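Q: predicted model and sequence follow; I will ask about them next.
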Amino acid sequence: MWKRKWFVLRRKSPQGKPRLEYCSSEKSCAEGKNRTIIPLDGITDISRAQSRTHAHTIMIVSQEIKLFLAGESEKDSKEWLTLMKELVLPEPKMFPSIKGGDIYGKQILLVEGVFTPD
């Protein structure tokens, strides 16, 4: 089931490892309240995915999770895909000048599901 969430993508910093943080409302996200943290260390793949109901889907995979996100537009999804790959996956670096600790931004994305493999 797809649910609307607000996300912040964070780089590794003194406050923690690279991660996605999400909240159920834009207000709670801006205030840093009621957030869920998805660690991004251990991610093995970030790529486009197919969905019958959402055209702009991204899949994030590790040994523990498989997460599907869909932006509201192709531009949003492409931007998030590029930034997450730069932040999480090893070489090549797309934006080597971006310093650690920066917050890339906030977007409304849809979450299909988070689960652990059998």
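A: Looks like it came in fine. All values derive from a computational prediction rather than experimental measurement.
Q: neighbours around K75, how many?
A: Per other Cβ atoms under 10 Å, the neighbour tally for K75 reads 10. Yep, even glycine has a C-beta here, placed from its N, CA and C like the rest.
Q: phi, psi of it?
A: Backbone torsions for K75, taken as degrees, to the nearest 10, come to phi -60, psi -50.
Q: run through the helices of this structure in chain order.
A: 26-31, 74-88 (DSSP state H).
Q: got those as TSV, with distance to G16 and mean pLDDT columns?
A: Shown next, in TSV, are the helices of the chain (distance: least, Cβ to Cβ, whole Å; pLDDT from 0 to 100):
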stretch	distance to G16	mean pLDDT
helix 26-31	16	82
helix 74-88	13	86
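Q: pick the most buried one from these.
A: helix 74-88 (a mean of 18; mean count of other Cβ atoms under 10 Å).
Q: that helix - contacts with which helices or strands?
A: Packing partners of helix 74-88 (3 or more Cβ pairs under 8 Å, 6 or more residues apart in numbering; DSSP states H and E): strand 3-10, strand 43-49, strand 57-62, strand 66-71, strand 103-115.
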